[in-house]
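Student: Have a look; sequence and predicted model below, questions after that.
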Amino acid sequence: MNNLLKIDGLTKKYYNKVALDDITLTFNSGKIYGLLGPNGSGKTTLMKVVAGLHKQTKGSILINGEPISYKTKGIVAYMPTENFLIDNFKIKQVLKFYKDMYKDFDEEKAIKLLSTLKVNINTTVKSLSSGLVAKLKLALTLSRDASVYMFDEPLNGIDILAREDIINCIVNSCGEDKIIIVSSHIVDEIEKLFDDVVFIKEQKVALEGNAEQLRIEHGKSIENIYKEIYG
């Protein structure tokens, strides 16, 4: 286990608005992390900075010992909340596009995941429900051979029955040399997924630590700790 992702004193401002305020965190390989907080707390901004999509105002980020660069972008797989897929493409065309875009993309793995998630690769993106789009985005992200996987609100728009499939796919993809970070404001069904959790409140880290240890220390579930922090 090593410090695959280290964030030190990270601050991000958009003009005069503070989106992240002096964030310091360490993420170790082999773990699944929950990045928790209500909408607008800073979760998405943190992920986008780590993914190299936004530049920090202050502070440092090291991924496998390297600062954010073209090189680190190649080992980070990020699933945003937005639907970034081309509507008129059939899913099998999306897979070909990803294969051309990312050298580490495993098309066969994606096809297997989509089959497990009951997504037909012969349909077009525009014909998919929001839940099926979320499943497609998940499969595309998990089919890259990255070191850091980040999923921004992966249960949004997913019905209760399908949520278990998504959680299982994420759990089965975790390896000793990888980290998975999942942001969510839906805690009750997903807390069992996390080894460690980070609570972001008003652009700062309000609480972080091992999920089971926090349950013992607080005498309550992660969901109820969430309610205590944000209630």
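Tutor: Now that the structure is in, tell me what you want to look at. Only a predicted model underlies this, so the values are computations on that prediction, with no experimental measurement involved.

Student: Quick check: what element follows the one helix or strand in the chain whose mean pLDDT sits lowest along the chain?
Tutor: Ranking every helix and strand in the chain by mean pLDDT, DSSP states H and E puts helix 160-173 at the bottom, with a mean of 87. Sequence order places strand 179-184 as the next helix or strand after helix 160-173, per DSSP states H and E.

Student: residues in contact with that following strand?
Tutor: The contact list for strand 179-184, computed with C-beta atoms under 8 Å, 6 or more residues apart in numbering, reads 4-5, 27-37, 43-44, 47, 147-155, 170, 173-174, 190, 193-194. In short, each C-beta sits where N, CA and C put it, glycine included.

Student: Using neighbour counts, trim these to the buried set.
Tutor: Among these, those classed as buried by 16 or more other C-beta atoms under 10 Å are 4-5, 27, 29, 31-37, 43-44, 47, 147-155, 170, 173-174, 190, 193-194.

Student: Inside strands: which ones of those residues?
Tutor: Using DSSP state E, the members of these that fall within strands are 4-5, 27, 31-36, 148-152.

Student: doesn't residue 56 fall inside a strand?
Tutor: No. According to DSSP: H, G, I helix; E, B strand; the rest coil, residue 56 belongs to no strand; its state is coil.

Student: That one contacts residue 13, doesn't it?
Tutor: No. Counting by C-beta atoms under 8 Å, no contact exists between residue 56 and residue 13, whose distance comes to 9.3 Å.

Student: Compare those two and say which is more crowded by neighbours.
Tutor: Per other C-beta atoms under 10 Å, whichever of residue 56 and residue 13 has more neighbours is residue 56, with 21 against 14.

Student: Next up, the contacts around that one.
Tutor: The contact partners of residue 56, by C-beta under 8 Å, 6+ apart, come to 10-12, 20, 49, 68.

Student: Just confirm residue 227 is within a helix.
Tutor: Yes. Under three-state DSSP, residue 227 sits within a helix.

Student: let's have the chain start at 319 instead
Tutor: From this message on, residue numbering opens at 319, which makes the last subject residue 545.

Student: Quickly note the distance from it to residue 455.
Tutor: Remark: distance between residue 545 and residue 455 (C-beta to C-beta, to the nearest Å) = 29 Å.

Student: Quick check on these two: which one has the bigger neighbour count.
Tutor: residue 455 (21 against 12).

Student: Who are the contact partners of the closest residue to the more buried one other than its chain neighbours?
Tutor: Nearest non-adjacent residue to residue 455, counting by C-beta to C-beta, 6 or more residues apart in numbering: residue 397, 5.1 Å away. With contact taken as C-beta under 8 Å, 6+ apart, residue 397 is in contact with 455-456, 458-459, 467-470, 472.

Student: would you turn these into TSV with distance to residue 449?
Tutor: Conversion of the contacts of residue 397 to TSV gives the following (distance: C-beta to C-beta, whole Å):
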residue	distance to residue 449
455	11
456	11
458	15
459	16
467	20
468	20
469	15
470	16
472	11
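
Student: Closest to residue 379 out of those?
Tutor: Nearest to residue 379 among the contacts of residue 397, counting by C-beta to C-beta, is residue 468 at 12.6 Å.

Student: Distance-wise, check that closest one relative to residue 409.
Tutor: Taken as C-beta to C-beta, the span from residue 468 to residue 409 is 22 Å.

Student: next one: residue 477
Tutor: Distance from residue 477 to residue 409, by C-beta to C-beta: 20 Å.

Student: of those two, who's got more company?
Tutor: A direct count of neighbours by other C-beta under 10 Å for residue 477 and residue 409 places residue 409 higher, at 23 against 9.
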